[in-house]
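> attaching a predicted model along with its sequence, questions to come.
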Amino acid sequence: MYELKTKENDGSVMAFIESVENPKRRADAYQLLQIFTEASGYPAKLWGPSIIGFGSYHYQYASGHEGDAPLVGFSPRKAKISLYLTPGDAEREALLQRLGKHTTGKACIYINKLADIDVDVLKELIRQSVAFLQEKYPPSSR
């Protein structure tokens, strides 16, 4: 049976941010911590060794694969900052056009630094992502 590597754990979010070597990336991580906490309404938790997640949901795919994941999150990685905001909502694309300088992967949004993006648009993306996932995977479905 497959076991998820990225699980919520009791690691210290503050200690993780303090371990970020690049001082500018560390400062951005502290700002993102505040932005995500405020916009999501959830406290920060460490997921795996390097993802700061907010809230959680339980998913189950048609294939039978299931697990838990943060509603939203971020990781101040060495190359770029990864923002974990759910794809699948039509509103996301319109917001991304207003976000600022970024690239996207399958489910991630990558930024070089916080100054490259519009923080108000990021807050909208966070709220939209939380609402979308809570509607798709209601907490009562556990």
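In hand now; what should we look at? Quick caveat: nothing in here was measured; it's all calculated off a predicted structure.
> what stretches of the chain score poorly on pLDDT?
Scanning the chain for pLDDT under 70 picks out the ranges 1-5, 140-142.
> just the helices from it, written as ranges.
Using DSSP state H, the helices of the chain run over residues 13-18, 23-40, 90-99, 119-136.
> for the closest residue to Leu83 other than its chain neighbours, give me its contacts.
Counting by Cβ to Cβ, 6 or more residues apart in numbering, Ile109 is the residue found nearest to Leu83 once chain neighbours are left out, at 4.2 Å. Using the backbone N, CA and C atoms, a C-beta is placed for each residue, glycine as well. Ile109 makes contact with Ser82, Leu83, Leu85, Leu96, Leu99, His102, Thr103, Leu125, according to Cβ atoms under 8 Å, 6 or more residues apart in numbering.
> ok, of those, which come out buried?
Listed as buried from those are Ser82, Leu83, Leu85, Leu96, Leu99, His102, Leu125; burial here means 16 or more other Cβ atoms under 10 Å.
> just to revisit the earlier point, as JSON lines, the contacts of Ile109 with distance to Asp118 would be great.
What follows is these, written out as JSON lines (distance: Cβ to Cβ, whole Å):
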{"residue": "Ser82", "distance to Asp118": "18"}
{"residue": "Leu83", "distance to Asp118": "13"}
{"residue": "Leu85", "distance to Asp118": "14"}
{"residue": "Leu96", "distance to Asp118": "11"}
{"residue": "Leu99", "distance to Asp118": "6"}
{"residue": "His102", "distance to Asp118": "10"}
{"residue": "Thr103", "distance to Asp118": "16"}
{"residue": "Leu125", "distance to Asp118": "10"}
